[in-house]
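A.B. asks: Give me coordinates for this.
(chains A and B)
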Number of protein chains: 2
Amino acid sequence: MKYFFVFAHPEPFSLSSHLKNRAVEALKDAGHEVIVSDLYAMKWKAVADGDDFPKRDTSKPLQYDQASREAFASGTQTVDVVEEQHKLLWADVVVLQFPYWWYGMPAILKGWVDRVYAYGFAYGVGIHGGERWGDRFGEGTLKGRRAMIATTVGGRMAHYGPRGVNGTMDDLLWPIQHGILFYPGMDVMPPAVFYEVGAASAEAVEEMTETYIQSLLNIHSISPIPFRPQNFGDYDDVQVLKAHLGTDVQGHALHQSEPAFVSNVFLGISGNYSPRHIPPTSHVSKQSTSQELSEVL
Amino acid sequence: MKYFFVFAHPEPFSLSSHLKNRAVEALKDAGHEVIVSDLYAMKWKAVADGDDFPKRDTSKPLQYDQASREAFASGTQTVDVVEEQHKLLWADVVVLQFPYWWYGMPAILKGWVDRVYAYGFAYGVGIHGGERWGDRFGEGTLKGRRAMIATTVGGRMAHYGPRGVNGTMDDLLWPIQHGILFYPGMDVMPPAVFYEVGAASAEAVEEMTETYIQSLLNIHSISPIPFRPQNFGDYDDVQVLKAHLGTDVQGHALHQSEPAFVSNVFLGISGNYSPRHIPPTSHVSKQSTSQELSEVL
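C.D. replies: So this is what the prediction gives:
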């Protein structure tokens, strides 16, 4: 199979890089093809602006989506964007790997999405208006691919559990998993989330690494998150979930055909929260400020 | 009062810029002080990397949070970051205004957060470990300030309603409103969200503008989103909501002292969804692809 990693971490000797390197090595050893877009190493242009459309009419104000549409349709996008689009089309599996910074992706990765997800490629596909609003959420250019988030988190697992102060990781990842990965048609796999990584022992790191590798090797035997597709009868003609569906759930579970499915995966076990939600890496009690952990690693 | 706008749009002649310009003008006319960080005009450095710490020991791997901590503590941050921190400290009201791109902020704005929210400034404040995890969510450096998101959206309002295909706007904005604005102590106001802006008539634009201005002028007479503070008894010693609270709700409403509060505001009315959730700007039926709307404007 063909694996495409979009990787965002500034430090080659970080835990994130270690996880990525070991995963790539293991996949290649198993006979798979792998491409990595290491955004920091590539000095990826993070900011979406008029320079993304070298042939546009600069006498008119920039309307980014329309400029994107024209550049995509006319083959006048920048080379860096075209290359990433080709990698996405090439891949069977797309992995976004990043440190979890401020409840989302690092800016360089968000900028990869903003620029590579062109109009006509990732959105603006199909009719919009009347009873339709595009071929998306279960349809689209990237249909047939599997996608997965892998992320390292500074905070405690408890903070991201069903009643943790940050909100659940499933809900926090929703804008990416549903809005960025499912939108252009990819099936979204449960994410590999590693908590309290600043306190992780060597054994914990090895456990994370093995879990990550197994998730990737077995990605075709794992069930994707059961997000409801937009255009197959569950939603009405203004893309609102029909009244007889999801009657006894709230939040994002409404948009899963199996509402009880919990995608958050810790060390390979879906929805694995202990009664007090303490992860294995949390065994060291820290009191001094010199050992503070942070949300951003 | 002192208003600080962090503004992210590449085009000075966009609807976003129009809304921002009119709002700034109205606030000044009313006698308020206003500072705008126009990130595109400033050519803001979006990517967080080792260059953010000119005095760091480059013989060691970059650990971004620790480098941030040392630079903040020793006064060796870059000038651009220090200036933004001073603006935040100066302000009574902080407004993040941006087009809603791929279910989040444009990369340049995420990069403003990643870089300006330094360790010791926005996080890593207070004890972390044992029963505590920082002075955050209701406490922190920016306590006493009010913050608000203003965002323009390409999609239909229906898509962001209680059962809309995108998930609710309240849930989609949670990582920013709770994770970025409430985290360092700011009170978070209901957001100003404008839907289907690509189809907006001149009258609709004027209505948006007036609504936005009134939200800003009246920001001290509006109730903030009732997010629960972390350290005042609602959460236990691993920052999990105590069992007797929020017993009959799911999702982010758990973390509001008034679970029924809906923050999503359309043209000034909180939680204002019509039965079919059609916004006033949706009166034009579009069938031809030349009139397609998109998520990203």
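A.B. asks: contacting residues around A:His178?
C.D. replies: A:Phe137, A:Val188, A:Phe227, A:His252, A:His255, B:Tyr103, B:Asn166, B:Gly167 (C-beta atoms under 8 Å, 6 or more residues apart in numbering or on different chains). The C-beta positions use only the backbone N, C-alpha and C, and glycine is treated the same way.
A.B. asks: ok, the fourth one - contacts?
C.D. replies: What it means is A:His252. By C-beta under 8 Å, 6+ apart, the neighbours of A:His252 are A:Asp170, A:Asp171, A:Trp174, A:His178, B:Gly167, B:Asp171, B:Gly251.
A.B. asks: Select, from those residues, the two members most distant in space.
C.D. replies: In the contacts of A:His252, two members sit farther apart than any others by C-beta to C-beta. They are A:His178 and B:Gly251, at 14.2 Å.
A.B. asks: doesn't A:Gln97 fall inside a helix?
C.D. replies: No: using DSSP: H, G, I helix; E, B strand; the rest coil, the secondary structure at A:Gln97 is strand, not a helix.
A.B. asks: Assess the claim that it and A:Leu19 are in contact.
C.D. replies: Yes: A:Gln97 is in contact with A:Leu19 according to C-beta atoms under 8 Å; the separation is 7.2 Å.
A.B. asks: what sits in contact with each of these two?
C.D. replies: With C-beta under 8 Å, 6+ apart as the test, A:Gln97 and A:Leu19 both reach A:Ala150.
A.B. asks: what's A:Gly138 in contact with, if anything?
C.D. replies: A:Gly138 touches A:Phe182, A:Gly185, A:Phe227, A:Arg228, A:Pro229, A:Gln230, A:Asn231, A:Phe232, counting by C-beta under 8 Å, 6+ apart.
A.B. asks: Check the spacing between the closest residue to the third one other than its chain neighbours and A:Ala147 real quick.
C.D. replies: This means A:Phe227. Distance criterion C-beta to C-beta, 6 or more residues apart in numbering or on different chains; nearest residue to A:Phe227, sequence neighbours excluded, is A:Phe182 at 5.1 Å. According to C-beta to C-beta, to the nearest Å, A:Phe182 and A:Ala147 sit 8 Å apart.
A.B. asks: same for the helix or strand where A:Glu25 lies, what does it pack against?
C.D. replies: For A:Glu25, the host element (DSSP states H and E) is helix A:15-29. Helix A:15-29 sits against strand A:2-7, strand A:33-38, strand A:93-99, strand A:146-152, helix A:202-217, with contacts defined as 3 or more C-beta pairs under 8 Å, 6 or more residues apart in numbering or on different chains; DSSP states H and E.
A.B. asks: buried residues in the longest one?
C.D. replies: For helix A:202-217, a neighbour-count test (16 or more other C-beta atoms under 10 Å in any protein chain shown) marks A:Ala204, A:Val205, A:Glu207, A:Met208, A:Thr209, A:Thr211, A:Tyr212, A:Ile213, A:Ser215, A:Leu216, A:Leu217 as buried.
A.B. asks: and it, how far from the chain's centre?
C.D. replies: 19 Å (C-alpha atoms, centre = their mean, to the nearest Å).
A.B. asks: before we move on, the earlier item: which stretch in the helices and strands packed on helix A:15-29 is the model least sure about?
C.D. replies: Mean pLDDT values for those show the minimum at helix A:202-217, a mean of 92.
A.B. asks: Who are the packing partners of it?
C.D. replies: Against helix A:202-217 (3+ C-beta pairs under 8 Å, 6+ apart) you get helix A:15-29, strand A:146-152, strand A:192-194.
A.B. asks: contact partners of it?
C.D. replies: Outside helix A:202-217, the residues that reach it (C-beta under 8 Å, 6+ apart) are A:3, A:15, A:18-19, A:22-23, A:26-27, A:30, A:93, A:95, A:148, A:150, A:189-190, A:192, A:194, A:197, A:200, A:222, A:265, A:267-268, A:280-281.
A.B. asks: Could you look up the next helix or strand downstream of whatever helix or strand A:Gln66 lives in?
C.D. replies: Following DSSP H and E, one finds A:Gln66 within helix A:64-74. Per DSSP H and E, the first helix or strand lying C-terminal to helix A:64-74 is helix A:79-90.
A.B. asks: Strand A:93-99 and that next one, what's the angle between them?
C.D. replies: 130 degrees (axes from the mean of the first three to the mean of the last three C-alpha atoms, to 10 degrees).
A.B. asks: Right, I'll call it a day here.
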